[in-house]
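J.: Predicted structure and sequence below. I'll ask about it afterward.
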Amino acid sequence: MAEAILKQILKKRGKADVKVESRGIVNLKRTPATVNAKTVCREHGIELGKKRSKQVSREAISSTDIVLVMEQLHIDMLRTHYPEYMGKVHLLTDFCSSVEGDIDDPLGGGISSYERTFTILETCIREMVERWEEESLL
């Protein structure tokens, strides 16, 4: 959901050329988005289509400018496997003054869990993009 939200916000701001790609910490073997994720995104005008999960890799991290994660656990896992790239790894909420700490993964939860996570993600991502535009980082 975070990838789709960020792409939508960037497109609306005329910055669709910014490359955004989601990767998972846990190997989900190209699992499609859940029905609940698709439903919640569709309600907000975002189509997830046939998007499938991808595994994080050294190549993916090395070729990116910034890695945003939702939980401190993700940072800890990345630190174990890719310590040389920790300078580019951040909690999404580090760039959001209205939300602190981890953003819970709704996987396995009901539609209300996905809606809650979508709202938090959208708030943080919108604030992050606005901040980066003000700082001429985008």
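T.: Noted; the coordinates are in hand.
J.: only C-alpha atoms for contact and neighbour calcs from this point on.
T.: Fine.
J.: for the chain, what spans make up the strands?
T.: 67-69, 89-91 (DSSP state E).
J.: Now do the buried residues in the longest helix seen in the chain.
T.: The helix that spans the most residues within the chain, counting by DSSP state H, is helix 111-134. Across helix 111-134, burial judged by 16 or more other Cα atoms under 10 Å covers 111, 113-115, 117-118, 120-130.
J.: Just say which of the strands of the chain is most tucked in.
T.: strand 67-69 (a mean of 20; mean count of other Cα atoms under 10 Å).
J.: So which elements touch it?
T.: strand 89-91 (3 or more Cα pairs under 8 Å, 6 or more residues apart in numbering; DSSP states H and E).
J.: Could you check how far the strand it packs on is from the centre of its chain?
T.: Put simply, strand 89-91 sits 11 Å off its chain's centre (Cα atoms, centre = their mean, to the nearest Å).
J.: what lines up beside it in the sheet?
T.: Using DSSP bridges, strand 89-91 pairs in its sheet with strand 67-69 (parallel).
J.: on that earlier part again, present the strands of the chain as JSON lines; the columns should include mean pLDDT.
T.: As requested, the strands of the chain are exported to JSON lines (pLDDT from 0 to 100):
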{"stretch": "strand 67-69", "mean pLDDT": "94"}
{"stretch": "strand 89-91", "mean pLDDT": "95"}
